[in-house]
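*Asks:* fold the following.
(one chain, ligands or ions: 1)
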Amino acid sequence: MRLTREQIVSAYVEILGSERVITDEQTLKDNSADRYYKVENIFGIYALPLPAAVVKPGTPQEVARVLKFANENGINVVPKTGGSATEGGLETVVEDSIVVDGSGMNQILNIDIANMLATVQCGVCLEDLENELREIGYTTGHSPQSKPLAQYGGLVATRSIGQFSTLYGGIEDMLVGVETVFPNGEICRIKNVPRRAAGPDIRHLVIGNEGALNFITEVTVKIFRYYPENNKFYGYLLNDMKTGLEILREVITQGYRPSVARLYDKEDGLYHFRHFSDGRCVLIFVAEGPKPIADATGAAIEEIVSTFGSADRVEDKLIEDWFDNLNWDVSKIEEERVEIRETLINGFTTEISGNWSVIHDIYTNALARIRNEISAEFSLLGGHSSHSYLNGTNMYFVYYYKIDVDPTEERSTYHDPIQNIIVEETLKLGGSMCHHHGVGKHRTHFLAEEYGSSLYMLETLKAAFDPNGIMNRGTIFPLKK
Ligand SMILES: Cc1cc2nc3c(=O)[nH]c(=O)nc-3n(C[C@H](O)[C@H](O)[C@H](O)COP(=O)(O)OP(=O)(O)OC[C@H]3O[C@@H](n4cnc5c(N)ncnc54)[C@H](O)[C@@H]3O)c2cc1C
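*Replies:* Coordinates of the predicted model:
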């Protein structure tokens, strides 16, 4: 039999104590949605069922007890840390859910210079770890725009990626080991080793799971030496995106790894760099690392760009200034709330990835369809490529539109249809959804789209390692304890 709200709350008060089971109405409202519903939140509209409680465990053992009770009683659990999610991953769509808030588990547990590792609890804010590391000459290499807001549980759960990804990769390249709690209360650890070859890498059941499989309590990431004095900044104005994408491809495929390699189209360029973009596309590189590497990367960028002729270099200082103001903190979120309320202009983003051969077509097709099919008045409709890989790049679509209807209806009127067009055009040309901030409420749909029949592989993973199964059992040695 389903428990009532009151029974759920009193059970958790018994498990955690009343001060860590929050039930005041405004907290429940604020925890019923994330920034996917930001306009509604600004206008005080809470359309989703409110959670029964926000519970705040302080140890992995408490997380285990919280999840076990939920599991045994069919209570929906929404894990949370920094609360900066943008894709609906924090929506409490199921009646009487509990939000399990890990932000109180916020200790930096170990900085291990010998092995270049940092171990943190899930509620450690990325900026706090980064600041602490920089003081002693190291860095996480991770710089999502939400660095001052996002915490390690969410960073791993959303498969986050930052602005220096071309050099350091996404969180999947940084995560070494993890501790996570499964719904039955089992606490599992994946240890910190440089590489493993024992079957499929099950860290990937944790990375990007968006709270749908387990609750991350502790994370160990790589750290890197920090050489800000060697940073070199490059900015160019170009006439079209195609040239910019070709330059990006050339730099990356020749084997160079600038930390920042970004290309903004004319519209997005005007938005970010109005003071110098002159209505043209903006291409940005930052070369970093030990001096000989930063210098060589910089020299190669200059040479490669020069072979494309039409690129005009801007002052390095302009790019350095941009670099020094990359992030959004709580005050910026507040500013945005005021701005949306006053202007009724809402901004959103959708990010996809595609191989070099299709990315330009995805970009132009999606933008053309949005212009033709969506009646919104746009104050910005454009995009940029911000993470490049050997095989291709991503495209980050940015759209700011006038809310000309009841703000409570705005999301379904514009944001969803725009996002749908981008997704359709991407999948048509063989690209993939690649929200750096997770796919949130679209998770189930995109998993099926992305992996199709290979989801079967995931389902059979367990069976494949069953000693009584039919596939290549080999000789099985019992583990000596
Ligand atoms: C202004 C702004 C800029 C942003 N820029 C970027 C960017 O550049 N790159 C980027 O990747 N993202 C970006 N994001 C999105 C967001 O910051 C990231 O997704 C971030 O990783 C979320 O971390 P969080 O701690 O805030 O997680 P939350 O918002 O608390 O949760 C996010 C998701 O992770 C799950 N989750 C949270 N904690 C846990 C846990 N302990 N165990 C299991 N699941 C958990 C939640 O259920 C939810 O689905 C941006 C967001 C904002 C508001």
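
*Asks:* and the strands in the stretch 351-481 of the chain?
*Replies:* Taking DSSP state E, counting those that start in this stretch as the test, the strands found in the stretch 351-481 of the chain are 378-385, 392-402, 432-433.

*Asks:* with mean neighbour count and mean pLDDT added, can I get those strands in CSV?
*Replies:* For glycine as for every other residue, the C-beta is placed from the backbone atoms N, C-alpha and C. Shown next, in CSV, are these (neighbours: other CB atoms under 10 Å; pLDDT from 0 to 100):
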stretch, mean neighbour count, mean pLDDT
strand 378-385, 21, 95
strand 392-402, 23, 95
strand 432-433, 19, 87
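
*Asks:* will you turn those strands into a markdown table that also has distance to Q61?
*Replies:* Shown next, in a markdown table, are the strands of the stretch 351-481 of the chain (distance: least, CB to CB, whole Å):
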| stretch | distance to Q61 |
| --- | --- |
| strand 378-385 | 44 |
| strand 392-402 | 39 |
| strand 432-433 | 36 |
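
*Asks:* can you list the low-confidence ranges for this protein?
*Replies:* Scanning the chain for pLDDT under 70 picks out the ranges 408-412, 445, 447-448, 451-467, 469, 471, 473-481.

*Asks:* tell me the domain ranges of it?
*Replies:* 5-101, 108-225, 228-323, 330-454 (automatic domain parsing).

*Asks:* among these, which is nearest N472?
*Replies:* domain 108-225 (11.7 Å; CB to CB).

*Asks:* how long is that closest one from one end to the other?
*Replies:* Taking CA to CA, to the nearest Å, the first and last residues of domain 108-225 lie 18 Å apart.

*Asks:* next one: that domain, is it in contact with the ligand?
*Replies:* Yes: applying CB under 6 Å from any ligand atom, one finds that domain 108-225 is in contact with the ligand at 122, 144-146, 149-151, 153-155, 157-158, 160-162, 210-211, 215-216.

*Asks:* so which residue of the stretch 151-300 of the chain comes closest to the ligand?
*Replies:* Among all residues of the stretch 151-300 of the chain, G154 sits closest to the ligand, at 2.0 Å; criterion: CB to the nearest ligand atom.

*Asks:* could you do the stretch 351-481 of the chain as well?
*Replies:* H437 (3.1 Å).

*Asks:* so where do the helices sit in the stretch 301-450 of the chain?
*Replies:* With DSSP state H, counting those that start in this stretch as the criterion, the stretch 301-450 of the chain has helices at 316-323, 330-343, 356-373, 410, 416-428, 443-451.

*Asks:* and among these, the most buried is which?
*Replies:* Greatest average neighbour count among these goes to helix 410 (a mean of 23), per mean count of other CB atoms under 10 Å.

*Asks:* rewinding a little: count the neighbours of the residue of the stretch 151-300 of the chain closest to the ligand for me.
*Replies:* For G154, the neighbour count with other CB atoms under 10 Å is 30.

*Asks:* just put the strands of the stretch 351-481 of the chain in JSON lines and tack on distance to the ligand.
*Replies:* Converted to JSON lines, the strands of the stretch 351-481 of the chain look like this (distance: least, CB to the nearest ligand atom, whole Å):
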{"stretch": "strand 378-385", "distance to the ligand": "12"}
{"stretch": "strand 392-402", "distance to the ligand": "9"}
{"stretch": "strand 432-433", "distance to the ligand": "13"}
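
*Asks:* need the contact list for V9.
*Replies:* By CB atoms under 8 Å, 6 or more residues apart in numbering, the contact set of V9 is V21, T23, A52, A53.

*Asks:* if we use 6 Å, what do you get?
*Replies:* Residues near V9 by CB atoms under 6 Å, 6 or more residues apart in numbering: T23, A52, A53.

*Asks:* swap in L129?
*Replies:* V120, T140 are the contacts of L129 under CB under 6 Å, 6+ apart.

*Asks:* one more: L67?
*Replies:* V181, P183, G185.

*Asks:* wait, a strand at it?
*Replies:* No: L67 is assigned helix when assessed by DSSP: H, G, I helix; E, B strand; the rest coil, not a strand.

*Asks:* setting the sequence-adjacent residues aside, check what's closest to it.
*Replies:* P183 (5.1 Å; CB to CB, 6 or more residues apart in numbering).

*Asks:* so the one you found is in which element?
*Replies:* For P183, there is no enclosing helix or strand under DSSP states H and E.

*Asks:* I'd say it and N73 touch.
*Replies:* No: the pair P183 and N73 fails to qualify as a contact (CB atoms under 6 Å) at a distance of 11.3 Å.

*Asks:* pretty sure the residue of the stretch 151-300 of the chain closest to the ligand sits against G82.
*Replies:* Yes: with contacts counted by CB under 6 Å, G154 reaches G82, the gap being 5.1 Å.

*Asks:* beta-bridge partners for the nearest residue to R371 once chain neighbours are set aside, please?
*Replies:* Leaving aside its sequence neighbours, R371 sits nearest to L381 (CB to CB, 6+ apart; 6.9 Å). Listed beta-bridge partners, L381: Y399 (assigned using DSSP bridges).

*Asks:* surely L381 and Y399 touch.
*Replies:* Yes: the pair L381 / Y399 is scored as a contact, 5.1 Å apart, by CB under 6 Å.
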